[in-house]
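**Student:** Generate a structure from the sequence data that follows.
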Amino acid sequence: MTPATLILGIDQSDACPGFGPACLERLGARWRFPGKVRLLRVGADAPGVAHLVPGAQALLVFGALGPRAAGGLQIVQGHKAQDVLDAAPPGGLAALADALETAAAGGARPGRMALVGCGPDTDGNAPVAPAVEVALTILRGWGICPMPGAARAEQLEPAAG
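**Tutor:** Alright, predicted model coming up:
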C-alpha cells in the first residue's frame, strides 16, 4: 500500500551529512502522524524509493540541497522542487529525481512536494530544529495534523543485489 504522504530523510554523505536523517528523527521523536503518513530514512543512494513514489499524494524531503542552498536553510516547494532535484549531484536526491520522473511518466507523481534542506557550507551546524518547524508548517498546510508523541521512522534498506 502506498502512503498518501511520504516523508523522507535522505542521507547525503557528501554535503551536510546526516541532516536529512537528523530532521526525520527529530520529527518522529516528537510527533506522530495519521496512518497514511510514512516516515522513511533513506541511504545516500536512495535504494527502493522508486516503488514508493508512484501513488503518493504528497512528498516532503529532508536533505542536503547542495550549492543552491548556500548556508542555512532552504525550502523549495511545488514545481521548483523538481528543478532542484534534477540539478542534484549523484546520490539520494538524484535517485529521487529519477523516481519522480518515472512516476510522472506513468501519471502517478505526487501532487504536492516540498524539499527542506541545508547547504554544504553549514559546517556541521545544520539547522535541524528550524527545518522540522518549517516541515510541520508545510504538513499542516497540506491538511496533515500531527499529534504530540513519538512516531517510528522506518529505515529503507538497500535492495539485495
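**Student:** tell me which element the residue positioned nearest the centre of the chain is part of?
**Tutor:** In the chain, the residue lying closest to the centroid (CA atoms, centre = their mean) is residue 61, at 1.4 Å. Per DSSP states H and E, residue 61 falls inside strand 58-64.
**Student:** And that strand, what does it pack against?
**Tutor:** strand 5-10, helix 19-30, helix 92-105, strand 112-118, helix 128-141 (3 or more CB pairs under 8 Å, 6 or more residues apart in numbering; DSSP states H and E). All C-beta atoms are positioned from the backbone trio N, CA, C, and that covers glycine.
**Student:** okay if I get these as TSV plus distance to residue 40, mean pLDDT and mean neighbour count?
**Tutor:** Shown next, in TSV, are the helices and strands packed on strand 58-64 (distance: least, CB to CB, whole Å; pLDDT from 0 to 100; neighbours: other CB atoms under 10 Å):
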stretch	distance to residue 40	mean pLDDT	mean neighbour count
strand 5-10	5	89	26
helix 19-30	8	89	22
helix 92-105	11	75	20
strand 112-118	15	89	25
helix 128-141	14	94	17
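**Student:** which one of the ones you listed lies closest to residue 148?
**Tutor:** helix 19-30 (6.9 Å; CB to CB).
**Student:** Mind giving me the packing neighbours of the next helix or strand after that closest one?
**Tutor:** Once helix 19-30 ends, the next helix or strand along the chain (criterion: DSSP H and E) is strand 31-32. Secondary-structure packing of strand 31-32 (3+ CB pairs under 8 Å, 6+ apart): strand 147-148.
**Student:** Provide the strand pairings for the strand it packs on, with the direction of each partner.
**Tutor:** When pairing is defined by DSSP bridges, strand 147-148 lines up against strand 31-32 (antiparallel).
**Student:** May I have the next helix or strand after the strand it pairs with as CSV, with CA atoms only?
**Tutor:** Going down the chain from strand 31-32, the next helix or strand is strand 37-42, by DSSP H and E. Extracted as CSV, the C-alpha positions of strand 37-42 are listed here (Å, rounded to 0.1, in the frame of the first residue of the first chain):
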residue,chain,number,x,y,z
VAL,A,37,1.8,9.1,6.5
ARG,A,38,5.1,7.2,6.3
LEU,A,39,8.4,8.4,7.7
LEU,A,40,11.5,6.8,6.0
ARG,A,41,15.2,7.2,6.5
VAL,A,42,16.9,6.7,3.1
